[in-house]
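> make a model of this:
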Amino acid sequence: MHLLLQDLRFAVRRLAKRPGFTVIALLSIAIGIGANTAIFSLVNATIFRKLPLDRPAELVEIYKVAPGFTHGPVSFPDLRDLEREGGEVFTGVAGFRLSFVEEDVAGGVEALLAEVVTGNYFPLLGVPALHGRTLLPSDDVVPGVAIPW
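Residues are numbered from 1 along each chain as shown. Predicted coordinates for the structure are as follows:
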């Protein structure tokens with residue numbers, strides 16, 4: 001312990017003799033700590049945080065395998081077959097597909113990324129609506145409208 005205190009006193013004397021170097025060293029350390037904290041906070045908020053779902057450990061994604069393509073989309077009829085025949089394996093089956101939609105803004109058109117989801121998507125994930133209601137399974141079927149899958 002005596003040697004540690006002696007080394008600390010020596011370091012403080014050396015830093016006091018060169019105040020310019022001391023200021024630059026302290027600023028470098030402060031910027032490094034600040035940058036590390038900011039990056040960790042961002043990564044923690046986006047990657048490490050738990051999903052706001054009821055049972056995230058039970059979620060699985062299912063893809064269709066095709067020649068030369070290992071992650072093909074599952075069609076809506078196949079999704080319904082999984083739902084009907086997978087009762088013993090799955091608690092529930094929901095589907096989603098990424099899609100682009102266009103919105104009219106200030107005289108122009110803006111492309112937005114959206115998800116087309118089945119009616120049981122939100123109840124299955126346990127995600128409540130912030131306002132109003134979520135989709136229901138009865139919202140899946142609209143007479144005369146083509147299924148967007």
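> which SS class is Phe100?
Under DSSP: H, G, I helix; E, B strand; the rest coil, the three-state class of Phe100 is strand.
> nearest residue to it other than its sequence neighbours?
Ala111 (5.4 Å; Cβ to Cβ, 6 or more residues apart in numbering). (Each C-beta comes from the backbone N, C-alpha and C, glycine too.)
> beta-bridge partners for that neighbour, please?
Bridge pairing for Ala111 (DSSP bridges) gives the partners Glu102.
> burial measure for it, as a count.
9 (other Cβ atoms under 10 Å).
> how about Val117?
Around Val117 there are 18 residues (other Cβ under 10 Å).
> could you check the pLDDT of it?
The confidence metric pLDDT takes the value 86 at Val117.
> is it in contact with Leu135, as I believe?
Yes - if you go by Cβ atoms under 8 Å, Val117 and Leu135 touch, sitting 6.6 Å apart.
> fine by me, thanks again.
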